[in-house]
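# based on what follows, work out the 3D shape:
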Amino acid sequence: MNRKMKIALKEYFEAPKPEDKRRFFDSLPAEPVGISDFLLSQAAYIPKWIWGLSTLIFVLSLIGAVYLKKDMLWFVSACMPLLALAPVTESGRSQFWGMAELEMSSRFSLRSVLLARLGILGLADLLLFFLLLPLTHLNGDKPLFETGIYMLCPYLLTAFLGLWASRIVHGREGAWLCGAIALGVGLGDALIYQASPEFYAGHNFPWWAAAFVLLSVGAAKQCIEILKQEEEPVWNLG
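You can find the predicted model right below:
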């Protein structure tokens with residue numbers, strides 16, 4: 001076989017350039033993402049106003065510790081519902097912006113995304129709670145454990161009612177309703193204390209402890225219901 005024949009055969013049987021090379025690479029399974037990287041990526045999607053609100057509550061509590069002296073518990077307890085507003089509104093943010101269908105078809109399931117963001121916000125709230133607890137205790141006359149229960153009950157009440165509201169009422173109306181619930185619980189807590197300081201009396205603590213248990217169970221149940229609901233098909237009949 002002469003040289004010209006070899007060149008002709010090589011040109012004739014030469015493989016064509018792949019036209020769908022990029023599409024083929026894009027169709028390959030994505031590299032696995034570690035839990036830490038996944039959590040960091042989801043933390044970046046949490047709105048900045050949420051972190052700003054947490055910082056504001058802590059700063060206001062510090063100011064209260066200086067000026068309110070021994071009368072600080074009611075103030076911090078009244079601020080706790082605003083702290084609970086962050087995870088409550090995050091649970092319905094996909095519905096608020098009409099992104100539920102798109103997020104359900106993304107790489108990560110909507111349930112895992114929502115669980116990650118709620119977990120991040122819950123841990124942030126827990127950290128802030130442990131920063132405020134000794135501050136409130138030192139500037140009050142209640143035992144440390146009782147102080148913690150008094151602080152957590154308004155938070156859990158807001159979480160329970162807010163999660164229930166965001167599960168029933170979607171979109172902007174649900175977000176406004178959650179905000180109204182948080183403000184209502186905070187103002188109600190402050191007004192009741194101002195009208196009757198016995199609200200935080202030691203003989204009423206068993207009722208507070210019972211409320212803490214019931215609200216903890218109720219808030220956890222509402223959170224589970226929301227996670228289940230987010231995986232259901234979203235129908236747009238509008």
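# by mean pLDDT, point me to the weakest helix or strand of the protein.
Between all helices and strands in the chain, the lowest mean by mean pLDDT, DSSP states H and E belongs to helix 100-104, at a mean of 48.
# grab the most central residue of this protein for me.
Centroid-nearest residue in the chain: Pro87, 2.7 Å away (criterion: C-alpha atoms, centre = their mean).
# what helix or strand is the nearest residue to it once chain neighbours are set aside on?
Spatial nearest neighbour of Pro87, excluding adjacent residues (C-beta to C-beta, 6 or more residues apart in numbering): Leu121 at 4.2 Å. In this view, the C-beta of every residue, glycine as well, is placed from N, C-alpha and C. Leu121 is part of helix 110-138, with elements assigned from DSSP states H and E.
# mind listing what's buried along the helix or strand that that helix is followed by?
Moving toward the C-terminus from helix 110-138, the first helix or strand encountered (DSSP H and E) is helix 144-168. For helix 144-168, the neighbour count (16 or more other C-beta atoms under 10 Å) marks 146-167 as buried.
# do stretch 170-189 as well
Of the residues in stretch 170-189, those with enough neighbours to count as buried (16+ other C-beta under 10 Å) are His170, Gly174, Ala175, Leu177, Cys178, Gly179, Ile181, Ala182, Val185, Gly186, Asp189.
# which residues touch that stretch?
Counting contacts by C-beta atoms under 8 Å, 6 or more residues apart in numbering, the residues outside stretch 170-189 that touch it are 74, 77-82, 84-85, 88-89, 92, 95-96, 98, 154, 157-158, 161-162, 165-166, 168-169.
# ok, back up a step: do you know how far the residue nearest to Pro87 is from Gln42?
Applying C-beta to C-beta, to the nearest Å, one obtains 10 Å for the distance of Leu121 from Gln42.
# neighbour-wise, which of these two wins?
When Leu121 and Gln42 are compared for neighbours, Leu121 comes out ahead with 23 against 19, by other C-beta atoms under 10 Å.
# quick one, what contacts the more buried one?
For Leu121, the residues meeting the contact criterion (C-beta under 8 Å, 6+ apart) are Ile46, Ile50, Ala86, Pro87, Glu90.
# of these - the most surrounded one?
Neighbours here are counted as other C-beta under 10 Å. On that basis the top member of these is Pro87, with 24 neighbours.
# next, count neighbours for Glu89.
Careful, residue 89 is Thr and not Glu. Neighbour count of Thr89, defined by other C-beta under 10 Å: 21.
# who are the contact partners of it?
Applying C-beta under 8 Å, 6+ apart, the residues contacting Thr89 are Ile50, Phe96, Gly162, Ser166, Ala175, Cys178, Gly179.
# have a look at these and tell me the least confident one.
The weakest per-residue confidence within these falls on Phe96 (48).
# need the buried residues of stretch 170-189 in TSV (columns: distance to Gly202 and secondary structure).
Converted to TSV, the buried residues of stretch 170-189 look like this (distance: C-beta to C-beta, whole Å; DSSP: H, G, I helix; E, B strand; the rest coil):
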residue	distance to Gly202	secondary structure
His170	43	coil
Gly174	38	helix
Ala175	38	helix
Leu177	35	helix
Cys178	33	helix
Gly179	33	helix
Ile181	29	helix
Ala182	28	helix
Val185	23	helix
Gly186	23	helix
Asp189	18	helix
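# right, I'll call it a day here.
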